[in-house]
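Participant: Just to be clear, the model below is a prediction. Sequence and coordinates:
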Amino acid sequence: MILLWIGNILFLFVVIPVVVIILRRVITPAVEIKAYADDITEHGAQFGPHLGALSELATTRDLVKQVNADLERYVRALERIG
Amino acid sequence: MDPAYIVLLLAVAIAVVAIAGYLIAIALILKHVVNRLVTILGAIEATTDAAQPAGAVIDEINRDLDAGRKVIENGVERLAESREPVGATAAPAASRHAAAEPAQHHGGTDTLAEAGGVGGGTATAESPPGPSEDERERLNRPPEEEDRLDPRTEEDRPGRPPQGRGRGWWNR
């Protein structure tokens, strides 16, 4: 019976605190991972709005083509004047 | 029942509850993280889909801009070539100016040796002879001294503007 009491005391004051400490060492990085994931989501998920201007690239391409055509006309007119 | 067994049961129950609580907390955290990762992966995939055709479009824009630059360069070269005969006619004028400049420079010198064409740009075999000794001395004299030595009044000296009065160009 005395051994059972000694076992109980050891279990309550040694084993359970050690288990708690180990679990805390596991849960602390998990909490940090959660915070990092939140941060990445907050800042990384905004790629889409920032890349909204990519849809305007087609307009830019068309405008550059128009500028090229007008530029050729302008150079030809200059040569005619010169 | 022996109280030792009851304490043991309570201790085991406490341990199990603690372990279960921590495990549940870790599982919830992992679930949250997985959800966030799914969100992030979705955003990255959408970004990749949106940015994938941008490379070809940017290449096309670069080609167009390069073609425009070449058009401008060729136009400038052709204009320069068409303007070149005008520059060729202007070159003799510049050379005439360059030839006239030394003569003008030496003609306006202070000393007689330079004014007489000795070493001047216009000195040739057909140049008129240099001034005489008296003329050379007079030319080398400072204007103030010449005025002082000249007994004539300002009105009597032809070709020289009146000094010290009026608003003519000579008093500016």
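Facilitator: Perfect, I can see it now.
Participant: Now stretch B:20-32 - C-alpha only, PDB.
Facilitator: What follows is stretch B:20-32, C-alpha atoms only, in PDB (Å, rounded to 0.1, in the frame of the first residue of the first chain):
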ATOM      1  CA  ALA B  20      -6.400  15.200 -24.400                       C
ATOM      2  CA  GLY B  21      -6.700  19.000 -24.000                       C
ATOM      3  CA  TYR B  22      -3.300  19.600 -25.400                       C
ATOM      4  CA  LEU B  23      -3.800  17.200 -28.300                       C
ATOM      5  CA  ILE B  24      -7.200  18.800 -29.100                       C
ATOM      6  CA  ALA B  25      -5.600  22.200 -29.000                       C
ATOM      7  CA  ILE B  26      -2.800  21.100 -31.300                       C
ATOM      8  CA  ALA B  27      -5.300  19.500 -33.700                       C
ATOM      9  CA  LEU B  28      -7.300  22.700 -33.800                       C
ATOM     10  CA  ILE B  29      -4.200  24.700 -34.500                       C
ATOM     11  CA  LEU B  30      -3.100  22.300 -37.300                       C
ATOM     12  CA  LYS B  31      -6.600  22.500 -38.800                       C
ATOM     13  CA  HIS B  32      -6.400  26.200 -38.800                       C
END
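Participant: From the chain's centroid, how far away is stretch A:36-56?
Facilitator: 8 Å (C-alpha atoms, centre = their mean, to the nearest Å).
Participant: Quick one: mean pLDDT over it.
Facilitator: Across stretch A:36-56, pLDDT averages out at 83.
Participant: Can you point out the buried residues in it?
Facilitator: A:A37, A:T41, A:G44, A:A45, A:F47, A:L54 (16 or more other C-beta atoms under 10 Å in any protein chain shown). C-beta coordinates here come from the backbone N, C-alpha and C atoms, glycine included.
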